[in-house]
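Participant: here is my input, please return the structure:
(2 chains)
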Amino acid sequence: EDQVTQSPEALRLQEGESSSLNCSYTVSGLRGLFWYRQDPGKGPEFLFTLYSAGEEKEKERLKATLTKKESFLHITAPKPEDSATYLCAVQNSGYSTLTFGKGTMLLVSP
Amino acid sequence: DTAVSQTPKYLVTQMGNDKSIKCEQNLGHDTMYWYKQDSKKFLKIMFSYNNKELIINETVPNRFSPKSPDKAHLNLHINSLELGDSAVYFCASSQGGLYGNTIYFGEGSWLTVV
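Facilitator: Down below sits the predicted model:
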């Protein structure tokens, strides 16, 4: 059974204070690892897909990296508008559905 | 333009009632899903439809019945609602059938059973 564990559960940062979120996974044949952002009262918003170890993707202040066992979402000089819950999910080599972690709730204070 | 839209956004109902949530996507995708997010914030797959055909049913009580009148719509009917059904239900879609890729989510429908 595919499993995704995210840490920490919650993270509080000052504006400009860089940090990383972790996503550890076990999956039977990884087809893709996905990062989503979820704002309160909203649906998950797609950020990145990573397909193989060593791959990196960037979007504004966010950078996602992937190894064979985990993924990191690095947040550089965060702003208050980056506050959200960040969800990690894996897609195995079978069906296209996603197995999600519980998410990391990020709060960036001005 | 909302890519994946669900109605209603909020629904409060009594135990034992029957209710429906509607979903439409305008992305031209061929696969649609229902996910459930419980109080612990875990998102779990319930159903997946590809070209109007059910392809995944993840041990969901048969009180839940999805219906797909066409590729762009996937509705969720829930009979005899129970307190434990209270959750947020997300509709989603992707392109490529069983081996599809990025899944796009709607805004969610907040169901409260009292």
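Participant: which residues pair with residue A:109 across the strands?
Facilitator: residue A:14 (DSSP bridges).
Participant: so it makes contact with residue A:14?
Facilitator: Yes. If you go by CB atoms under 8 Å, residue A:109 and residue A:14 touch, sitting 5.6 Å apart. Placement of C-beta: from N, CA and C, glycine included.
Participant: so which bits of chain A are right by chain B?
Facilitator: Selection of chain A residues close to chain B by CB under 8 Å from any CB of the partner chain yields A:31-32, A:34, A:36, A:41-46, A:49, A:85, A:87, A:89, A:91, A:94-98, A:100, A:102-103.
Participant: helix or strand with the lowest mean pLDDT in chain B?
Facilitator: strand B:53-57 (a mean of 80; mean pLDDT, DSSP states H and E).
Participant: and whichever helix or strand comes after it, average pLDDT?
Facilitator: Of the helices and strands lying after strand B:53-57 in sequence (DSSP states H and E), the nearest is strand B:64-70. Regarding strand B:64-70, the rounded mean pLDDT is 92.
Participant: repeat for stretch B:12-31
Facilitator: 96.
Participant: rewinding a little: what are the buried residues along the least confident helix or strand of chain B?
Facilitator: For strand B:53-57, the neighbour count (16 or more other CB atoms under 10 Å in any protein chain shown) marks B:55, B:56 as buried.
Participant: do the same with stretch B:7-25
Facilitator: B:11, B:13, B:19, B:21, B:22, B:23, B:24, B:25.
Participant: which residues touch it?
Facilitator: Stretch B:7-25 has contacts (CB atoms under 8 Å, 6 or more residues apart in numbering or on different chains) with B:3-6, B:32, B:34, B:72-83, B:89, B:91, B:93, B:104, B:106-114.
Participant: buried only: go through those residues for me.
Facilitator: B:4, B:6, B:32, B:34, B:72-76, B:78, B:81, B:89, B:91, B:93, B:104, B:106-111, B:113.
Participant: beta partners for the nearest residue to residue B:90 once chain neighbours are set aside?
Facilitator: Leaving aside its sequence neighbours, residue B:90 sits nearest to residue B:35 (CB to CB, 6 or more residues apart in numbering or on different chains; 4.5 Å). For residue B:35, the beta-bridge partners under DSSP bridges are residue B:45, residue B:90.
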